[in-house]
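Q: Please find the sequence and the predicted model below.
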Amino acid sequence: MKQSIHLRLLKSFAITVTILFFLLGTSPAQEEKDKGPKISIDAPAFNLGEIDEGTPITHTYIIKNTGTEVLKIEKVQPT
């Protein structure tokens, strides 16, 4: 049974659009979502173990901005 020319064109169009989605990768909406600052911390948690009260302690965290815009850190609090 022969397919109508319209049905063949529709199938060809659907296949072409599907291939384009795979070739183009991310959508513009995904690219927009990926914009902005993005914080990256080498090790976000650090266990101090047991320490005597009044003992001063320090620990260095390496913080990077892996995003596409300026990262502003306005407030830091220990937990």
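A: Good, I have the coordinates.

Q: Point out where the protein drops to low pLDDT.
A: Residues of the chain meeting the criterion pLDDT under 70: 1-7, 25-33, 79.

Q: any idea which helix is longest in it?
A: Criterion DSSP state H: the longest helix present in the chain is helix 5-24.

Q: what about residue 62, distance to residue 40?
A: Taking C-beta to C-beta, to the nearest Å as the measure, residue 62 falls 9 Å from residue 40. (Glycine included, C-beta is placed from N, CA and C.)

Q: Who's the closest spatial neighbour of the residue nearest the centre of the chain, skipping the chain neighbours?
A: In the chain, the residue lying closest to the centroid (C-alpha atoms, centre = their mean) is residue 34, at 5.7 Å. In this structure, residue 34 finds its nearest non-sequential neighbour in residue 68, 7.5 Å apart by C-beta to C-beta, 6 or more residues apart in numbering.

Q: Could I get the contacting residues of the one you found?
A: 34-38 (C-beta atoms under 8 Å, 6 or more residues apart in numbering).

Q: Over to it. Which of the three states is it?
A: Following DSSP: H, G, I helix; E, B strand; the rest coil, residue 68 is assigned to coil.

Q: Also the one 5 residues further on?
A: Reducing the assignment to helix, strand or coil with three-state DSSP, the entry for residue 73 is coil.

Q: I figured residue 41 hits residue 60, correct?
A: No. If you go by C-beta atoms under 8 Å, residue 41 and residue 60 don't touch, sitting 11.2 Å apart.

Q: Bridging across strands, which residues link to residue 41?
A: Note on residue 41: beta-bridge partners by DSSP bridges are residue 63.

Q: just to revisit the earlier point, tell me which of residue 41 and residue 60 has more neighbours.
A: residue 41 (10 against 7; other C-beta atoms under 10 Å).

Q: and the more buried one, how far is that from residue 11?
A: 50 Å.

Q: hang on, the earlier thing: can you list the residues that contact the longest helix of the chain?
A: Residues contacting helix 5-24 (C-beta under 8 Å, 6+ apart): none.
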